[in-house]
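*Asks:* Coordinates only, no sequence provided:
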Ligand SMILES: Nc1ncnc2c1ncn2[C@@H]1O[C@H](COP(=O)(O)OP(=O)(O)OP(=O)(O)O)[C@@H](O)[C@H]1O
Ligand SMILES: Nc1ccn([C@@H]2O[C@H](COP(=O)(O)O)[C@@H](O)[C@H]2O)c(=O)n1
Ligand SMILES: [Mg+2]
């Protein structure tokens, strides 16, 4: 049961966020499993807005914000930034777009992220798209990503894998117990992974047409 403060926050945020209904899909999976790559494909084909929690945190560092140094240190250590910081960035990004459907990539990363997002925004995800990939393959991909990320070095990658196993997998298990996880085999080539992703999205975006050609 939430506190009175949680309830008040929820009312304020519901009026800010859900004057129109917002659809959220959480995109989860280990570091380097291909979340960002597949989100770009989904955006192109299905019109979602992609919000990567990691990208928002990196932009916050670049903006010179007062939290920048703290965020930079946490990312370098592979640690999870306090929820209130990440959730504020996500809320701002949601409010800034004109869209009403979002892929939230790399969030929630732990139980604190999950519970705080739900109590602050009142938003429950439609489902969780989970990219399942073996660690050796993720490590190979991260070490050859070459995007200049401070955390794509073997020392930080090992820390990120530990955090993923200890803190992020339990969140995926939480949603799995609620029947909300759509698991994708992410070890295959990009195009093949996207075929499996499409199989999840096509039924959501199919138009049902009656015998007169009217969209129902
Ligand atoms: N199916 C795939 N097969 C081979 N390489 C891939 C595949 N999907 C993505 N990649 C490559 O692996 C690297 C990591 O992919 P991506 O950035 O999409 O992962 P991510 O899950 O968003 O990682 P992170 O959690 O670190 O942000 C990129 O260089 C990308 O081009
Ligand atoms: N919910 C989150 C998401 C990310 N972080 C931090 O950012 C790093 C990079 O995230 P990617 O999704 O881009 O890989 C991650 O290792 C965390 O340090 C976070 O704190 N909370
Ligand atoms: Mg990513």
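*Replies:* Nice, I can see it. Small disclaimer: the values here were computed from a predicted structure and weren't measured. Numbers count the residues shown, from 1 in each chain. Ligands and ions are numbered 1, 2, ... in the order given.
*Asks:* my guess is residue 89 meets residue 54, correct?
*Replies:* No. Look at residue 89 against residue 54 with C-beta atoms under 8 Å: they stay out of range, at 10.6 Å. Every C-beta, even on glycine, is put in place using the N, C-alpha and C of the backbone.
*Asks:* Comparing these two, which residue is more hemmed in?
*Replies:* Neighbours per residue (other C-beta atoms under 10 Å) separate residue 89 from residue 54, with residue 89 holding more: 22 against 19.
*Asks:* what about the more buried one, which SS state?
*Replies:* Look at residue 89: counting by DSSP: H, G, I helix; E, B strand; the rest coil, its state is helix.
*Asks:* same thing with the one 3 residues further on?
*Replies:* In the three-state summary, residue 92 is assigned as helix, counting by three-state DSSP.
*Asks:* and the gap between it and ligand 2?
*Replies:* According to C-beta to the nearest ligand atom, to the nearest Å, residue 92 stands 15 Å off from ligand 2.
*Asks:* can you count the residues close to that residue?
*Replies:* Using other C-beta under 10 Å as the criterion, the residues surrounding residue 92 number 10.
*Asks:* Pull out the buried residues from stretch 74-94.
*Replies:* 74-75, 78, 80-81, 83, 85-87, 89-91, 93-94 (16 or more other C-beta atoms under 10 Å).
*Asks:* With stretch 168-186 instead?
*Replies:* Neighbour-count burial for stretch 168-186 [16+ other C-beta under 10 Å]: 168, 171-172, 174-175, 180-182, 184, 186.
*Asks:* same deal with stretch 103-115?
*Replies:* 103-110, 113-115.
*Asks:* Other residues contacting stretch 126-145?
*Replies:* 23-35, 38, 103, 152, 154, 157, 161, 172, 175, 180-187, 193, 197, 200 (C-beta atoms under 8 Å, 6 or more residues apart in numbering).
*Asks:* Which of those residues fall in strands?
*Replies:* Among these, the members found in strands (DSSP state E) are 23-29, 103, 181-185.
*Asks:* Using TSV, please lay out the buried residues of stretch 168-186 together with distance to residue 66 and pLDDT.
*Replies:* Shown next, in TSV, are the buried residues of stretch 168-186 (distance: C-beta to C-beta, whole Å; pLDDT from 0 to 100):
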residue	distance to residue 66	pLDDT
168	27	98
171	28	98
172	32	98
174	32	98
175	33	98
180	36	98
181	37	98
182	38	98
184	38	98
186	36	98
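*Asks:* nearest spatial neighbour of the residue in the chain positioned nearest to ligand 2, skipping sequence neighbours?
*Replies:* Nearest residue of the chain to ligand 2 (C-beta to the nearest ligand atom) works out as residue 54 at 2.0 Å. Sequence neighbours aside, residue 106 is the residue nearest to residue 54 in space, at 4.9 Å (criterion: C-beta to C-beta, 6 or more residues apart in numbering).
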